[in-house]
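1. sequence first, then the predicted structure, then my questions.
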Amino acid sequence: MAAGDFPGASYLVAGDGGILAEGALGSAVLRPERIAAATSTLYDLASLTKPIAGSCLAAVLSSEGRLSCDDPLSRHLREWNPPGDAARVTLLDLLTHRSGLPAWRPVYIHASGRDEYLEWLKRLPLDRPPGERVVYSDPGYILLGFALERAGGAPLHRLFAEKVARPLALRDLLYRPPRSLRRRIAATEAGNRRERVLAGTEGDGYNGWRAGLAWGEVHDLNARALGGSSAHAGLFGTARAVFLVAREILGPGTGLLDERQRELMRDNLTAGLGEDRSLGFLLASNPGTPAGSGLSRRSFGHTGFTGTSLWIDPDARRLYVLLTNRVHPECREIDMNAIRRGFHEIAAAL
């Protein structure tokens, strides 16, 4: 923070004996006013949404018999009838990023809402056949969210509230936060400089770029085009709320997940495919992960573009949550993973 890499942070470190350290530093908002960060600050969790909502909901719906992770995507999305290899993509392919779908596309330039997104993604060519190689994919988790909604019979934000947040009594982990919570929310980017660069010439002529500050609304534009709720991004939460979900994943928890589901979240399901991944998580057995030297090689975790991360060490029985809004007020190129490794090294010594 002293270097100006990000304005503020909230953190939590816990073990079997309970919370070991919890606190907040710096500012949650710099513009249009300065608001201090607090442990009650809600952060845009960005891609932490993938394991916390996408994977957890898949596990819960599986336990209810509403889906199997081995199901073809087409079993839940009847409209999913693309030509070629894409027709055989499974939910597990999406959950482990081995579907063959590309890493990212600015779908919002071409489509709006779930029906248009599904039609556009159906025409998107795969980069490789399913199951051949791991490539982290936002479009894959967007499709996963659509399948979860069909299997669960409700919109994603409602499914998450009913099947994850409510059983854990979590009021501070939600999609589409109401405006009444705005002053508790960490602001993110003013404008869309980062996504405009990523979109390149594909964005020429697009008139939907965000003009103002993202404060209380999701930073990710694909999630915004889907009404603020997607399995790839959209959740807002506090470090304490993220910790309470992570405790269920580490186990034994309160019964939200069973032991087999927890195994799938920590075991390598993509051996030999270029990157070790479990059900929704990156494994520390990969070289150069944000886990760093402070965590065991059996650790697993996830990060979010806005500057968030969660890592779980099953050997040490430790949980590490670090939430920042490093894209506020603008997106800067920093080595956020180096900062995460430093945090883990310090926190592991507690």
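-> Alright, I've got the coordinates. Residues are numbered from 1 along each chain as shown.
2. which ones are touching the closest residue to Arg128 other than its chain neighbours?
-> Spatial nearest neighbour of Arg128, excluding adjacent residues (Cβ to Cβ, 6 or more residues apart in numbering): Gly100 at 4.6 Å. The C-beta positions use only the backbone N, C-alpha and C, and glycine is treated the same way. Gly100 makes contacts with 85-86, 89, 93, 126-133, 135, as judged by Cβ atoms under 8 Å, 6 or more residues apart in numbering.
3. do that again at 7 Å, thanks
-> 85, 126-130, 132 (Cβ atoms under 7 Å, 6 or more residues apart in numbering).
4. secondary structure class for it?
-> Recorded secondary structure, Gly100: coil (DSSP: H, G, I helix; E, B strand; the rest coil).
5. and which of the contacts of Gly100 is nearest Ser55?
-> Pro130 (18.4 Å; Cβ to Cβ).
6. tell me how many other residues crowd that closest one.
-> 20 (other Cβ atoms under 10 Å).
7. read off the pLDDT value for it.
-> You'll see Pro130 listed with a pLDDT of 98.
8. ramachandran coordinates for it?
-> With angles defined as degrees, to the nearest 10, Pro130 sits at phi -60, psi 140.
9. I'd say it and Asp93 touch.
-> Yes. Shown here, Pro130 and Asp93 form a contact pair, counting by Cβ atoms under 7 Å, at 4.9 Å.
10. between those two, which contacts overlap?
-> Going by Cβ under 7 Å, 6+ apart, residues that sit against Pro130 and also against Asp93 are Ser99.
11. confidence score at Ala3?
-> 73.
12. kindly report the same for Val218.
-> Val218 is given a pLDDT of 98.
13. dump the residue contacts of it.
-> Contacts of Val218 (Cβ under 7 Å, 6+ apart): 44, 224, 228, 233-234.
14. same check on Gly203?
-> 106, 109, 196.
15. mind putting those into CSV with pLDDT?
-> Shown next, in CSV, are the contacts of Gly203 (pLDDT from 0 to 100):
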residue, pLDDT
Pro106, 98
Ile109, 98
Arg196, 94
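16. hang on, the earlier thing: the contacts of Val218 in helices, which ones?
-> Arg224 (DSSP state H).
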